[in-house]
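Enquirer: what follows is a predicted structure for the sequence shown.
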Amino acid sequence: MKRAFYLLAVACGLFISPQVFAQQSTDSLLTSATLQECVRYALSHQPVIRQSRIDEAITDRTVKSKLADWYPQINLDYNIQHYLELPTSIFGGNPTKVGVANTSTAQFGLNQNLFTRDLLLATNTARDVRKQSHQTTARNQIDLVADVSKAYYDVLLTTQQIKVLSEDIIRLERSLRDANNQYASGIVDKTDAKRATISLNNARAQQKAARELLTSKQAYLKELMGYPLNGGDVPLTEDSASVAAEVTGADTLLTADYKNRIEYQLLETQQSLLQANLKYNKWSYLPTVSAFINYSFAYQNEQFGKLYSENFPNSLLGLKLSLPIFQGGKRVHNIRMAELQIQRTQWDFAALRSQINSQYAQAMAAYKSNYNDYLTLKENVQMAQDVYDMLQLQYKEGIKTYLDVLVSETELRTAQLNFYNSMYQVLSSRIDLQKALGTLTANY
């Protein structure tokens, strides 16, 4: 019967499981993907963030487990035993067997901690331990937001570069047809057609390389987001125009505030925990105090069948105080070690402040440089387009050579590709600047 039930369950699983998994996979896919939607998806599905949240839950349970020792601890000890040979005692020089063959005891014990340094440490550090766990999750989230944002812009602008190359290929194909027609009419020799073919082949090769690169960038974005491997590409809905609208000048007069950085906040929490550890070691000179109550049921009888027919109970209550008097100087060394750890943390603060200043200076310099390049290259695109349009007309009128047209075409393509590269660089450096300032958050 059990085997038949097992086989039925397996058969149902074979039919139902694929549908369930397919439904879960479909539910986890995005139908549209703006930057905000990608970041929110990543914050919900990225394995590192999920692990961080589980770590927070583990930390919370650990704290509650430590604090549970403040509550009364109730225990039950039970045993039953049969003497194969009764113990012997000496009374008046005569050996005498004492006790009964069968005994059984059950003892309830209640212990209440009144003062222990371990519980004081757990109570005083519970808030900071939870905060540290939460701050670690926040740090991971901020890093993820920065990485997903950069990867998103990279995929989007690489897609735009492929479009630029597609437009360039269309122009080159049209130029090749014109060159072949002029060669057929005897106006020009075969050189123009060969030059057009070379340029067209180069553009196609560049486009193929860009498409292969886009595939790898999509895979990296999916990895960061925790996106299903069989879910296809992430369907980005924004375009270069909407991204270009985001490229605005940041406030370059801002200065780094150390306390805005999650790394600084984590270090402050660590310092607070070290100070609590110092107090803990100083408390080692104080006694441990607890109260206890014990109640025991004692059953004894020579006949095993009548063992529980009569009870001889006993009970007691008391107060226990424990104070280690001499430990070879261990407590002094532990206190000094805790003080040195706090002193060492001060140098961690100094090193972190220096690091934040350096990161801010580098991020600000990179942003200013990239933003200036962006403005320059944006102007270059328009001028390259004007030059190409003018030379195309002059070539058709026989004023300019085909070589001039190809050169202007190459300059236009290069200007457009460089422009989109600069757009990515300025957006990426702005993210680095926000991260250095501590203004980048995971609130999406």
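Expert: Received it, and whenever you're ready, just let me know what you need.

Enquirer: ok, residues contacting stretch 205-215?
Expert: Contacts to stretch 205-215, defined as CB atoms under 8 Å, 6 or more residues apart in numbering, come from residues 155, 158-159, 161-162, 165-166, 169. From N, CA and C alone the C-beta is placed, and that goes for glycine too.

Enquirer: now do the contacts for residue 296.
Expert: Counting by CB under 8 Å, 6+ apart, residue 296 touches 105-108, 313-315.

Enquirer: from those, which is closest to residue 274?
Expert: Of all the contacts of residue 296, residue 274 sits closest to residue 108, with 41.3 Å by CB to CB.

Enquirer: and the closest one, what helix or strand is that in?
Expert: Per DSSP states H and E: residue 108 is located in strand 102-115.

Enquirer: in that strand, what's buried?
Expert: Using 16 or more other CB atoms under 10 Å as the test for burial, strand 102-115 gives 102-107, 113.

Enquirer: and the next helix or strand past it?
Expert: Next helix or strand after strand 102-115 toward the C-terminus (DSSP H and E): helix 117-184.

Enquirer: quick one: mean pLDDT over the next helix or strand after that following helix.
Expert: Note on helix 117-184: by DSSP H and E, the next helix or strand toward the C-terminus is helix 191-225. Helix 191-225 shows a mean pLDDT of 91.

Enquirer: the inter-axis angle of helix 191-225 versus helix 117-184?
Expert: Angle, helix 191-225 to helix 117-184, by axes from the mean of the first three to the mean of the last three CA atoms, to 10 degrees: 160 degrees.

Enquirer: quick one on the thing from earlier: could I get the buried residues of strand 102-115 as TSV with distance to residue 325 and pLDDT?
Expert: Compiled in TSV, these are given as follows (distance: CB to CB, whole Å; pLDDT from 0 to 100):
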residue	distance to residue 325	pLDDT
102	44	92
103	38	93
104	40	94
105	34	94
106	37	95
107	31	95
113	21	94
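
Enquirer: what's the closest of the residues you listed to residue 294?
Expert: For these, the residue nearest residue 294 by CB to CB is residue 107; the value is 6.0 Å.

Enquirer: who's the closest residue to the closest one other than its chain neighbours bridged to?
Expert: In space, residue 107 comes closest to residue 296 once its chain neighbours are excluded; the distance is 4.2 Å by CB to CB, 6 or more residues apart in numbering. Bridge pairing for residue 296 (DSSP bridges) gives the partners residue 107, residue 314.

Enquirer: returning to that earlier point: now, among the contacts of residue 296, which is nearest to residue 418?
Expert: Residue 418 lies nearest to residue 108 out of those, by CB to CB, at 82.1 Å.

Enquirer: list the contacts for that closest one?
Expert: 74-76, 294-296.

Enquirer: how far away is it from residue 243?
Expert: In this view, residue 108 and residue 243 are 71 Å apart by CB to CB, to the nearest Å.

Enquirer: do the same with residue 80
Expert: Distance from residue 80 to residue 243, counting by CB to CB: 79 Å.

Enquirer: quick one: which of these two has more around it?
Expert: Between residue 80 and residue 243, residue 243 has the larger neighbour count (other CB atoms under 10 Å), namely 19 against 13.

Enquirer: isn't that one right next to residue 157, touching?
Expert: Yes. With contacts counted by CB atoms under 8 Å, residue 243 reaches residue 157, the gap being 7.1 Å.
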